[in-house]
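Fold the stuff below for me.
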Amino acid sequence: MSILRRLPLKYRLPLIHGGLEAIALTRMGHWPRADRLSSGPLVVSGFFNESQGIGRGGRLTADAFEAAGYAVIRHDLRPCFRHIFDQKAVLPGKGGVWLIHANAPETLVALMTHRSDQWRDRYRIGYWAWETPLAPPQWARLVRWLHEVWTPSAYVAEALAAALRAEGLDDLCGRLRVMPHPLLSAPPQADCARFGLSPDRCEVLSLFDVNSSPARKNPWASIEAWLMAFPEPPAHAALTLKASSLDTATQTRLTERIANRPDIRLLSERLSDEDMDRLMASVDIFLSLHRAEGFGLGLLEAMNAGVAVIATEGTGNDFLTPDNGYPVPARPVPLDDPDGPYSALPRNPAQVWAEPDIQAAADSLRRLVSDPTARASKRAAARATPARLSARWSAEALKVHDFNRWLDS
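This is a model prediction of the structure:
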């Protein structure tokens, strides 16, 4: 297992996912072809104790259900991984609704580590995000075992629909539902001193997670845009690159690129949700020159904090508009992820992502850094965006969903 962890993602993930599917195929023949649904509790499974975006998303989902008046049993998925072979994972309660806030490979783990008699009587919902125009075929095949699949954006829903059609599973497209990530919290409080930021200069933040593919998150573009906007280090502005799951190769490459630039720093400290909120509220501009997003939760959190957003237009972050932020024009290019998780995808002309216009991003940076009024001009529209997207999670909106039929009254 330690050898497997040391392998690059492009080798490690196909081995892991292929192995999981091979094990699952030996069990699917015994999985129930017909459900016997019964009423019971609402169980939300997720990576509740982890700092990655998927963990944050699961916590937001559970919080939104509770805010709408639902009683939620939170079930941590990580311990289930110890039971891939013995199937001794235990799912709380009986019957009701089981929402698995994890992507398809982890959803497969959830199903295969619990005996099927623990979940055959539950209404099952997956909450998935994907970042290219065509989801993997394995994801499409897994939809058969779920009653619904929720996605954070129409972009993800269409990627899954395209995969279902490619697999001849067109009849399952009706199981897809767009449910944007809910963000119901009040704007967080700033704490510049905690993060070494200065209230006397314009602070710019860019986030990326190495496990989500550096090529997709594209921190290099944020650096290039900054250097283009400011060939010499400005006294009145600084850029912070917040990295998660930073590996040695990526750290070395980043450190070499920002050497001799005291206005750019790399922050790799692991932060809680609360600290991430405070960090976001402590900056003036959020910069994301990603090549693709399934949703773009960081963008929405920046808007909630009243921070000006400069980000690549399109893909899943279609809530970013010229009214509430500063979209960066982009052109479609073939997907190229030589060392990341998307390298295992079959070659397909449909698999493209967006290449942001670095010059346009640099122009926006230069303008916004020097003009506090421009930064504040779209703040009201930005702060209204999370509430607009979260409206689908209100008690009134949720009560019309089919899953309610299987909850204890």
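
Counting neighbours, what do you get for residue 346?
Look at residue 346: counted by other C-beta atoms under 10 Å, it has 8 neighbours. (Each C-beta comes from the backbone N, C-alpha and C, glycine too.)

before we move on, what SS does it have?
coil (DSSP: H, G, I helix; E, B strand; the rest coil).

and it, what is it in contact with?
Contact criterion C-beta atoms under 8 Å, 6 or more residues apart in numbering gives no residues in contact with residue 346.

List phi and psi for the spatially most central residue of the chain.
Centroid check for the chain by C-alpha atoms, centre = their mean gives residue 53 as the closest residue, at 5.1 Å. Taking degrees, to the nearest 10, you get phi -60, psi -30 for the backbone angles of residue 53.

Just confirm it contacts residue 295, I think it does.
No: Residue 53 lies out of contact with residue 295 (C-beta atoms under 8 Å); the separation is 9.1 Å.

Tell me the secondary structure of residue 207, please.
strand.

can you pull up the bridge partners for it?
residue 242 (DSSP bridges).

and it, what is it in contact with?
217, 242, 244, 286, 288, 298.

Can you pull the phi and psi angles for the first one?
Torsion angles at residue 217 (phi, psi; degrees, to the nearest 10) stand at phi -70, psi -30.

For it, which non-adjacent residue is spatially closest?
Distances taken as C-beta to C-beta, 6 or more residues apart in numbering put residue 208 closest to residue 217, at 3.6 Å, once the chain neighbours are dropped.

Please tell me how far the one you found sits from residue 76.
25 Å (C-beta to C-beta, to the nearest Å).

which of the two has more neighbours?
residue 208 (26 against 14).

quick one: contacts for the more buried one?
214, 217-219, 241-244.

ok, so of those residues, who is nearest residue 71?
Nearest to residue 71 among those: residue 244, at 32.0 Å, using C-beta to C-beta.

Below-threshold pLDDT in the chain: ranges please.
1-14 (pLDDT under 70).

longest helix of it?
helix 9-28 (DSSP state H).

Give the burial count for residue 74, as a bare number.
16.

Now do the phi/psi pair for it.
phi -90, psi 130.

Tell me who's in contact with the residue nearest to residue 386 when sequence neighbours are not counted.
Residue nearest to residue 386 in three dimensions, not counting chain neighbours: residue 183, with 4.0 Å by C-beta to C-beta, 6+ apart. Contact analysis of residue 183 by C-beta under 8 Å, 6+ apart lists 60, 297, 300-301, 304, 386, 389-390.

Counting neighbours, which of those comes out on top?
Top of the contacts of residue 183 by neighbour count (other C-beta under 10 Å): residue 301, with 26 neighbours.
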